[in-house]
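# 3D, please:
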Amino acid sequence: MSNSTLSEKEIKQRRKIWIINILSAVVIVVTIIWGILVFFHINESVYTDDAQVDAHITPINSRISGYIKAIRFDEHQKVHKGDTLVIIDDAEYRILLQNAQATLADAKASKTISQSGSAIASNSTAIANANIDEMRARLDNMELNYRRYESLVKDEAVAQYQFDQVKADYEAMLAKYKALLAQERVSKLNTHESEQKLSVNDASLLKAESAIDLAKLNLSYTVITAPYDGVLGRRTIEEGQLVKNGTPLVNIVRDEQKWITANYTESQLKNITLGAKVNIEIDALAGKTFEGEVAAISEATGSKYSAVPVDNSTGNFVKVQQRIPVRINFTASNTPKDLAMLRVGMNAIIRIK
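Residues are numbered from 1 along each chain as shown. Take a look at the predicted model:
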């Protein structure tokens, strides 16, 4: 009886241990599976850790060549729109402006002279026309008198010498008339030439005025200002350094608006919709969570924007899964103080709700 009872107790004890071991094994397996799912985000179809804080970064370049006269900023300094950043020596550009102004004055003087010449030519033409009209009237009368004496001398009603005198007077008047016509033609040519000179003077004036505008514009480029409110990047220039047109001086980060650029795989794209709310965790801020909203989904994969796109054509041994950039804006529920802690390029973890 006692041996039988002990046997039953042992069996029950062993069965209990066996059940506990099975349950423990199940718990361990479930825990391991859960850990794997969480660690590798297997069941999270809209999760990605390929995301960074983004903002507008604008390189500020020199638009002229010259030596840096003064630098008015420090690295990572916050600036406002219109703040002076760099001053380039303007001595050469002031001289160019003075030269352009002198050229304009010379063009104006040339036009004044041409206008005077045009007025003189016009007056000469008018006088020549008046003289021609007067001479034409006198010539017509003398021609009538000449024709009358020509008939009379044939009829021997007047002496030959009288006819010769009338003829000589008529021919002299005709010669004067022809001379006046030639003078009129010369006056008209002079008038036309003066008008052409005025056109050339107008073009010279326009060219000189444009040169002044360009000189003033280049002079204004010697003072380089911030294009908008933001934070400057690294300082890589020094006073006295020669810069050329297009030389980068400093970068400015626009701090008015930041967003997240998240790169999702092709297979995840079907689960992403515009306007969807997003949880954003920033690695550098100890996992601090922000709220965002899907604002835009790129029409091309990230590789298509690169200088050397990934070739994923048929026949490749390994098919490379592409990633689609998605823009996520921060919502109004985030405080300005929290957003001010964000820096462009910070890594983020994105979970779409």
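# from here on, contacts and neighbour counts on C-alpha atoms
OK.
# how about the helices in the stretch 51-200 of the chain?
Ranges of helices within the stretch 51-200 of the chain are 91-154, 160-220, based on DSSP state H, counting those that start in this stretch.
# reformat these as JSON lines; add distance to Met346, mean pLDDT and mean neighbour count.
Below are these laid out as JSON lines (distance: least, C-alpha to C-alpha, whole Å; pLDDT from 0 to 100; neighbours: other C-alpha atoms under 10 Å):
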{"stretch": "helix 91-154", "distance to Met346": "43", "mean pLDDT": "80", "mean neighbour count": "17"}
{"stretch": "helix 160-220", "distance to Met346": "37", "mean pLDDT": "81", "mean neighbour count": "17"}
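# right, so of these, which gets closest to Gly82?
Nearest of the helices of the stretch 51-200 of the chain to Gly82, taken as C-alpha to C-alpha: helix 160-220 at 12.9 Å.
# average pLDDT for the helix or strand just after that closest one?
For helix 160-220, the succeeding helix or strand toward the C-terminus, using DSSP states H and E, is strand 223-225. For strand 223-225, the mean pLDDT works out to 96.
# give me the buried positions along strand 223-225.
223-225 (16 or more other C-alpha atoms under 10 Å).
# given the next helix or strand after that strand, what are its sheet partners and their directions?
In the C-terminal direction, the helix or strand that comes right after strand 223-225 (DSSP H and E) is strand 230-232. Each strand paired with strand 230-232, and its direction, by DSSP bridges: strand 78-79 (antiparallel), strand 248-265 (antiparallel).
# quick revisit: Ile297 is nearest to which of the helices of the stretch 51-200 of the chain?
Ile297 sits nearest to helix 160-220 of all those, at 41.0 Å, using C-alpha to C-alpha.
# report the inter-axis angle for that closest one versus helix 91-154.
Interaxial angle, helix 160-220 versus helix 91-154 (axes from the mean of the first three to the mean of the last three C-alpha atoms, to 10 degrees): 170 degrees.
# quick one: list the elements packing against helix 160-220.
Packing partners of helix 160-220 (3 or more C-alpha pairs under 8 Å, 6 or more residues apart in numbering; DSSP states H and E): helix 91-154.
# so how far is the helix it packs on off the chain centroid?
Relative to the chain's own centre, helix 91-154 is displaced by 51 Å; criterion: C-alpha atoms, centre = their mean, to the nearest Å.
# same thing with stretch 83-94?
Centroid displacement of stretch 83-94 relative to its chain, using C-alpha atoms, centre = their mean, is 21 Å.
# can you pull out the residues in contact with that stretch?
66-73, 215, 218-219, 222-226 (C-alpha atoms under 8 Å, 6 or more residues apart in numbering).
# farthest-apart pair in these, please.
Farthest pair in the contacts of stretch 83-94, by C-alpha to C-alpha: Phe73 and Ala215, 26.6 Å.
# circling back: quick one, which of the strands paired with strand 230-232 gets closest to Ala25.
Closest among these, once you apply C-alpha to C-alpha, is strand 248-265, at 35.5 Å.
# show me what contacts the nearest residue to Lys176 once chain neighbours are set aside?
Excluding the flanking residues, the one nearest Lys176 by C-alpha to C-alpha, 6 or more residues apart in numbering is Met135, at 8.0 Å. Residues counted as contacts of Met135 (C-alpha under 8 Å, 6+ apart) are 173, 176-177.
# format those as JSON lines; extra columns: distance to Ala208.
Below are the contacts of Met135 laid out as JSON lines (distance: C-alpha to C-alpha, whole Å):
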{"residue": "Met173", "distance to Ala208": "51"}
{"residue": "Lys176", "distance to Ala208": "47"}
{"residue": "Tyr177", "distance to Ala208": "46"}
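# now, among those residues, which is nearest to Thr335?
Looking across the contacts of Met135 and measuring by C-alpha to C-alpha, the closest to Thr335 is Tyr177, at 98.2 Å.
# check contacts around the closest one.
Tyr177 makes contacts with 132, 135-136, 139, as judged by C-alpha under 8 Å, 6+ apart.
# low-confidence ranges, the stretch 201-350 of the chain, go.
For the stretch 201-350 of the chain, applying pLDDT under 70 flags the ranges 287, 307-318.
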